[in-house]
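In: Below: sequence and its predicted model.
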Amino acid sequence: MSEASISNVSLRSAAETSRHRRAARWGFVLLMPLLIVAMALAVSLVEPRILSLRNIINILVQSSYLLLFASAQMVVILTGGFDLSLGMAVSVISVATALATTGLAAADAPAWLVFVAGLAVGLGVGLLVGAFNGLFVSLAGINPFVVTLGSLNICYGLATTISGGRPVFNVPDAFTRPLYDGTFIPGIPIPVTLAIVVAVFLHLLLDRTVFGRALYLIGNNPRAANLAGIPSKRYLFLAYVTCSLLAAFGSLMLTARTGSGEPNLGGSLMLESIAAAVIGGVSLQGGVGGIVPAVLGSIFVTLLSNAMNLLEVGGYVQQILLGCVIIAAIFLDRVRATRA
Amino acid sequence: MRLVGPIMSGRSSSERAGPTSVLERILRSYRPAGFLPVLLTVLLVSFALFIPNFVAVQNLLNVLRSSSYLVIIAAGQMLVLIVGGFDLSQGAVVALTSVTSALVMVAFKETFANEPGLIILVGVLAGLGCGAIVGLVNGLCVAFLRISPFMVTLGTMSIATGCALLLTSGIPVYGMPKSYVEGFGRGLWLDLPTAFYLAAAVVAVIWVMQNYTRMGRYILAIGGNMQAAIVSGVPAKTYLILSYVICSMLASVSGLAFTAQLGSGQAVINAQLTLESIAAAVIAGVSIKGGVGRVEMVALGAILLLTLTNAMDLLRIDPRIQAIFLGIIVVLAVALDELSQRRAALV
């Protein structure tokens, strides 16, 4: 009798905690969207233009670039690392692609060849950077911070050397149209379409494949991952390659948008991408994250800078506010994590 | 330290075994030093032999002066790395210190017209105050809010840079007392740049702190195993905050010396400074995971980086290509260190 009641109580309390946990998880999911909507509404009281259709599309387009970089960063943050070289890799890829496509266009190559060559060069350079990072992190077992700090310097040197420090102008239409100007689905700008495709692909990769699930385990508990027979080294290597390939694709989209190869393109992207991912709820400890946090974080960061621009906040003050927001957002994340 | 070190820092038990032969003893004392001193000596000798002008007095003084700034900053970075943290805001603190101290000196120029000493004192205190505040914010956020140091210092970096730019609109601040610029910043004492003495003093103080004081052992313990340190009665939060404050204040010290040499307060200072300080520490065997690091090695690491830069300058290698070399060197240095440690662990 007494035993039964005890087990009954414990059962009920177990059910209760799981309900609490579920509620906490929903709070975790809903906090960011609520914050985004609240910020947009608050700003619209002062500056109604923020909710105009044009501005919303503008925000979506801008955040789709950031989404690519944030989700690239997210893949390696999941494994407990991060990629400092991302911004400079974006620069070197942009410059290399611009040089290749303008060169081919000058030689009167057909449009499809220009486009394919641009993609191949961009993704190829991305693959090299990712392989460099991945090899040293996984095989040599060096801290990702050091490895990507090294590749950051290497990419910076390469980007400024091959471009001579100047932008490479006149990237041909054959390359920019499919990635920026043209229409694929009427009404939706191409960058947004591409970002959605990448997001869906990445979600399936992380959620539905052994590789994706293994990344979470490696980030959560590397020893357990090894004991479970997961080829950690290979997957770690692949994570860095995936990260750089995603960054490369983002770089190609940006290059198509600016119409030039910019050696300074990625200057602030490294920090922005990490900030967006972590603000969205990806844990720097590894093992926690997904495509939804990356999307929310990217929209939040883009909306914030868009709002400050509309309110005509000066660039220096924006920098100060961004710093405060990063700290506040991470603090909220801590509170969320300890509650859950 | 000798007795407590291995236990507190959770090192392998191999160090505790008694020495048997002379050779082994030499090897053992060599191991913690690593290959850095050897590498530095080899590089210095080969540069002296093959690069004309490298051993010229003026050039050596330049290397000494520019590496002094980095030594000071890297020593601070090391403290934070030891407790398992990071400080990305160092470069921004250097800029903020530079701007604030210069602005304060200019503001008090009229008030204390006849007493340049007082003007300098107020300016220096203002600069150090900036460092202390940023360090305190970093430390409090990391210790009490338990936010990842990477993100905290990323935030304060953005805030400090913004403040420095806002204060000056990006324009250099001129008008510091002449004695500060000529006497301290560009001056020579006993034929050596003043910054060298500053760096030597910083290294000496931190060396004593690491080897002979409670704090030195405590921060190693905190970095080695935070939980164990707290359970053993180490006031971990206090020392965590203290390391961040010292780190930022050392960045301020370096900023003050640098400002004095430049002769103007600059809001835009070498953006790579923070990364260089981390690179110098990491080359010197400081673990990013915390719990390991020695200041004399970090000083050598900083000197190594700037000697290489200087040699490449003399060889007229494009700064852009220099960046590629530096990247490769950082990765290779750490890879070699990792491999040698693995071999040591196998033996």
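Out: It's in.
In: Tell me the spacing between the residue nearest the centre of chain A and B:Gly131.
Out: When Cα atoms, centre = their mean is applied to chain A, the residue found nearest the centroid is A:Ala70 (1.3 Å). Using Cβ to Cβ, to the nearest Å, one gets 32 Å for the distance from A:Ala70 to B:Gly131. To be clear about C-beta, it is placed using only N, CA and C from the backbone, and glycine gets the same treatment.
In: Then B:Ala267?
Out: With Cβ to Cβ as the criterion, B:Ala267 and B:Gly131 are 16 Å apart.
In: Neighbour count: these two, which is higher?
Out: Using other Cβ atoms under 10 Å in any protein chain shown as the criterion, B:Ala267 and B:Gly131 rank with B:Gly131 on top: 30 against 24.
In: Which residue is the nearest non-sequential neighbour of the more buried one?
Out: Using Cβ to Cβ, 6 or more residues apart in numbering or on different chains and skipping residues adjacent in sequence, the residue nearest B:Gly131 is B:Ser252, 3.0 Å away.
In: just for chain B, where's the confidence low?
Out: Applying pLDDT under 70 to chain B flags the ranges B:1-34, B:185, B:270-271, B:340-347.
In: Tell me which stretches of it form strands.
Out: Ranges of strands within chain B are B:188-189, B:192-193, based on DSSP state E.
In: got those strands as TSV, with mean neighbour count and distance to B:Ser158 columns?
Out: Output for these, formatted as TSV (neighbours: other Cβ atoms under 10 Å in any protein chain shown; distance: least, Cβ to Cβ, whole Å):
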stretch	mean neighbour count	distance to B:Ser158
strand B:188-189	11	38
strand B:192-193	18	33
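In: quick one: the most centrally placed residue in chain B from chain A, how far?
Out: Closest residue to the average C-alpha location of chain B: B:Ala74 at 1.4 Å, with Cα atoms, centre = their mean. To chain A, B:Ala74 is 14 Å away according to Cβ to the nearest Cβ, to the nearest Å.
In: Would you enumerate the residues in contact with that residue?
Out: B:Ala74 sits next to B:276-277, B:280-281, B:284, B:298-299, B:301-302 when contact means Cβ atoms under 8 Å, 6 or more residues apart in numbering or on different chains.
In: so which residue of the stretch 151-300 of chain A comes closest to chain B?
Out: Nearest residue of the stretch 151-300 of chain A to chain B (Cβ to the nearest Cβ) works out as A:Asn153 at 3.0 Å.
In: Please tell me how far that residue sits from B:Ser287.
Out: From A:Asn153 to B:Ser287 the distance is 21 Å (Cβ to Cβ).
In: Compare those two (neighbour count), which wins?
Out: A:Asn153 (27 against 18).
In: you'd agree that one is up against B:Ile321?
Out: No - between A:Asn153 and B:Ile321 there is no contact under Cβ atoms under 8 Å: 10.7 Å.
In: Would you mind listing what in the stretch 51-200 of chain B touches chain A?
Out: By the rule Cβ under 8 Å from any Cβ of the partner chain, the part of the stretch 51-200 of chain B lying against chain A is B:141, B:145-148, B:150-152, B:154-163, B:165-166, B:169.
In: same thing but 6 Å
Out: B:145-148, B:151, B:154-155, B:158-159, B:161-162, B:165-166 (Cβ under 6 Å from any Cβ of the partner chain).
In: re the thing from before, mind pulling up the phi and psi values for the residue of the stretch 151-300 of chain A closest to chain B?
Out: The phi and psi values for A:Asn153, taken as degrees, to the nearest 10, are phi -60, psi -40.
In: Surely it is in contact with B:Ala323?
Out: Yes - counting by Cβ atoms under 6 Å, A:Asn153 touches B:Ala323, with 4.6 Å between them.
In: out of everything not next to it in sequence, what's closest to residue 228?
Out: Here I'm looking at chain A. In space, A:Ala228 is closest to A:Leu217, 6.9 Å off (Cβ to Cβ, 6+ apart).
In: please go with chain B instead
Out: Of all residues not flanking B:Ala228 in the chain, B:Ala221 sits nearest, at 7.2 Å (Cβ to Cβ, 6+ apart).
In: my guess is the one you found contacts B:Val231, does it?
Out: No - between B:Ala221 and B:Val231 there is no contact under Cβ under 6 Å: 10.4 Å.
In: Pick out whichever of these two has more residues nearby.
Out: For B:Ala221 versus B:Val231, the count of surrounding residues by other Cβ under 10 Å is larger for B:Ala221: 25 against 10.
In: any idea how far the more buried one is from chain A?
Out: B:Ala221 sits 21 Å away from chain A, going by Cβ to the nearest Cβ.
In: what about the closest residue to B:Ile51 other than its chain neighbours, neighbour count?
Out: The spatially closest residue to B:Ile51, leaving aside those adjacent along the chain, is B:Leu314, at 5.2 Å (Cβ to Cβ, 6+ apart). If you count neighbours by other Cβ under 10 Å, B:Leu314 ends up with 15.
In: Equivalent analysis for A:Leu86, please.
Out: 33.
In: can you pull the contacts of the closest residue to chain A within the stretch 201-347 of chain B?
Out: Residue of the stretch 201-347 of chain B nearest chain A, by Cβ to the nearest Cβ: B:Gly327 (3.0 Å). Residues in contact with B:Gly327 (Cβ atoms under 6 Å, 6 or more residues apart in numbering or on different chains) are A:150, A:153-154.
In: Put together CSV for those residues, with pLDDT on each row.
Out: Putting the contacts of B:Gly327 into CSV (pLDDT from 0 to 100) gives the following:
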residue, pLDDT
A:Gly150, 86
A:Asn153, 85
A:Ile154, 89
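In: Closest to B:Val99 out of those?
Out: Closest to B:Val99 out of the contacts of B:Gly327 is A:Asn153 (27.2 Å), distances taken as Cβ to Cβ.
In: which ones are touching the closest one?
Out: B:323, B:326-327.
In: May I ask which helix or strand encompasses the closest residue to A:Leu113 other than its chain neighbours?
Out: Distance criterion Cβ to Cβ, 6+ apart; nearest residue to A:Leu113, sequence neighbours excluded, is A:Leu104 at 6.4 Å. For A:Leu104, the element it lies in under DSSP states H and E is helix A:86-106.
In: now for that helix, which elements pack on it?
Out: helix A:111-134, helix A:144-163, helix A:232-258, helix A:269-280 (3 or more Cβ pairs under 6 Å, 6 or more residues apart in numbering or on different chains; DSSP states H and E).
In: Tell me the residues that contact both of A:Asn153 and B:Ala323, please.
Out: By Cβ under 6 Å, 6+ apart, no residue touches both A:Asn153 and B:Ala323.
In: Tell me the spacing between the residue nearest to the centre of chain A and chain B.
Out: Distance of A:Ala70 to chain B, given as Cβ to the nearest Cβ: 14 Å.
In: Could I get the pLDDT score of that residue?
Out: You'll see A:Ala70 listed with a pLDDT of 94.
In: Please confirm that it is located within a helix.
Out: Yes - in this structure, A:Ala70 lies within a helix as judged by DSSP: H, G, I helix; E, B strand; the rest coil.
In: I'd guessed it sits against A:Leu271; true?
Out: No - with contacts counted by Cβ under 6 Å, A:Ala70 stays clear of A:Leu271, the gap being 11.4 Å.
In: could I get the helices and strands packed on helix A:86-106 as TSV with distance to A:Ala40?
Out: Listed next are the helices and strands packed on helix A:86-106 as TSV, based on distance: least, Cβ to Cβ, whole Å:
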stretch	distance to A:Ala40
helix A:111-134	34
helix A:144-163	34
helix A:232-258	24
helix A:269-280	16
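In: most tightly surrounded among the ones you listed?
Out: Among these, helix A:269-280 has the highest mean neighbour count (mean count of other Cβ atoms under 10 Å in any protein chain shown), at a mean of 27.
In: Report all helices and strands that it contacts.
Out: helix A:53-78, helix A:86-106, helix A:291-310.
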